[in-house]
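*Asks:* The amino acid sequence is not available; the structure is as follows:
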């Protein structure tokens, strides 16, 4: 394996090459952080944070990372479950009575975490002001009707996931979800750069998102949509000040690569700097393949809030878990390699440069042989 200094230099050089390319295969701004055996071995960045001002990326630059935040939200839920504050198989309506409307009285937190709740489609008749209002969105989610019998089918709950799993945690603890993320993850790990709703004073550190060859998708409220047309193209959503201050635990996380990697390092056995966010037994439960009910009973579906990463095959025990985000930011833990990775970026293009970075890491930390 390469020395820590060597892999730092390799990744730094790669990021500089990618951000120097001004074509379709290039990047604007990038960060990569990697922990191995609890030690930070890569802390690299390159490029431009804001093409309008020319401000450059540094290690503290904050990036809207979209669904990467789902992994942190899952960790919050699992920590509360570990202490007996939440139960995966209890109906959500036990904590959130309004949620029982429209035949949802038996939907469980497990079904919310594994995307089988039947509620992937966003409420209609809302806009950005509603999206930024936690209570208003919880009321709208509570009024939704499941699109299928809960537990019988899995479909990605791209945005609704945040309220479905977040509001029960808030009800159980009396805390807001941003406060829970601070208390359960950021504070124990000494992380400053992980936000669900930024304070005014850090907005100057947030990278401006861009999309290569963006396409306008006309809103169509007549059809149920998991990602409505009015929030697309998605990079414009998280360039808005109101969305940067909003709490959407499925999609509005703003953080840097160091924070992502440190979070996942603390989910590996032994943790990081003496902090282990979840014991190995809880991790094994969280990354076990879930099963469908009904006609597809026994069919494996998603994990509990995390995504299987790498080359994980359905039904095969997962050793790499985390969550990616729209545009290419990602974070994960690798149990076999004792590796935790965070990647952030601000230009959304058609090139798999995140994959290029991860393949370079594979050379330095070869995947375990099966």
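*Replies:* Cool, the structure landed. Remember, it's a predicted structure, so these values are computed and weren't measured experimentally.

*Asks:* In contact with the nearest residue to residue 40 once chain neighbours are set aside, which residues?
*Replies:* Ranked by C-beta to C-beta, 6 or more residues apart in numbering and with sequence neighbours excluded, the top spatial neighbour of residue 40 is residue 33, at 6.7 Å. Where you see a C-beta, it was placed from the backbone N, CA and C, and this is true even at glycine. The contact partners of residue 33, taken as C-beta atoms under 8 Å, 6 or more residues apart in numbering, are 40, 42, 43, 44, 256, 257, 258, 260, 261, 262, 341, 342.

*Asks:* Highest neighbour count among these?
*Replies:* When neighbours are taken as other C-beta atoms under 10 Å, the top entry among these is residue 260 (35 neighbours).

*Asks:* Hmm, residue 49 is touching residue 208, no?
*Replies:* Yes - assessed by C-beta atoms under 8 Å, residue 49 is found in contact with residue 208 at 6.9 Å.

*Asks:* more crowded one of those two?
*Replies:* Taking other C-beta under 10 Å, residue 49 and residue 208 do not tie; residue 49 has more neighbours (23 against 20).

*Asks:* what helices or strands is the host helix or strand of the more buried one leaning on?
*Replies:* Using DSSP states H and E, residue 49 sits in strand 39-50. On a contact count with 3 or more C-beta pairs under 8 Å, 6 or more residues apart in numbering; DSSP states H and E, strand 39-50 meets helix 4-20, strand 29-36, strand 55-56, helix 257-265.

*Asks:* With respect to residue 124, which of these lies nearest?
*Replies:* Closest to residue 124 of these is helix 257-265 (C-beta to C-beta; 33.0 Å).

*Asks:* That closest one - what's its average pLDDT?
*Replies:* The average pLDDT within helix 257-265 is 98.

*Asks:* before we move on, what about stretch 312-331?
*Replies:* pLDDT averaged over stretch 312-331 gives 91.

*Asks:* That one: how far from the chain's middle?
*Replies:* Relative to its chain's centre, stretch 312-331 lies at 10 Å (C-alpha atoms, centre = their mean, to the nearest Å).

*Asks:* Can you give me the first-to-last residue distance of it?
*Replies:* With C-alpha to C-alpha, to the nearest Å as the measure, the first residue of stretch 312-331 is 15 Å from its last.

*Asks:* Quick check: buried residues in that stretch?
*Replies:* For stretch 312-331, burial by neighbour count (16 or more other C-beta atoms under 10 Å) applies to 312, 318-331.

*Asks:* for stretch 130-150, same thing?
*Replies:* Using 16+ other C-beta under 10 Å as the test for burial, stretch 130-150 gives 131, 132, 134, 137, 138, 140, 141, 142, 144, 146, 150.

*Asks:* Among those, list the two that are farthest apart in space.
*Replies:* Largest pairwise distance in the buried residues of stretch 130-150, by C-beta to C-beta, is 27.8 Å, between 132 and 150.

*Asks:* Make JSON lines out of the helices and strands packed on strand 39-50 and add distance to residue 173.
*Replies:* Formatted as JSON lines, those follow (distance: least, C-beta to C-beta, whole Å):
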{"stretch": "helix 4-20", "distance to residue 173": "38"}
{"stretch": "strand 29-36", "distance to residue 173": "29"}
{"stretch": "strand 55-56", "distance to residue 173": "38"}
{"stretch": "helix 257-265", "distance to residue 173": "19"}
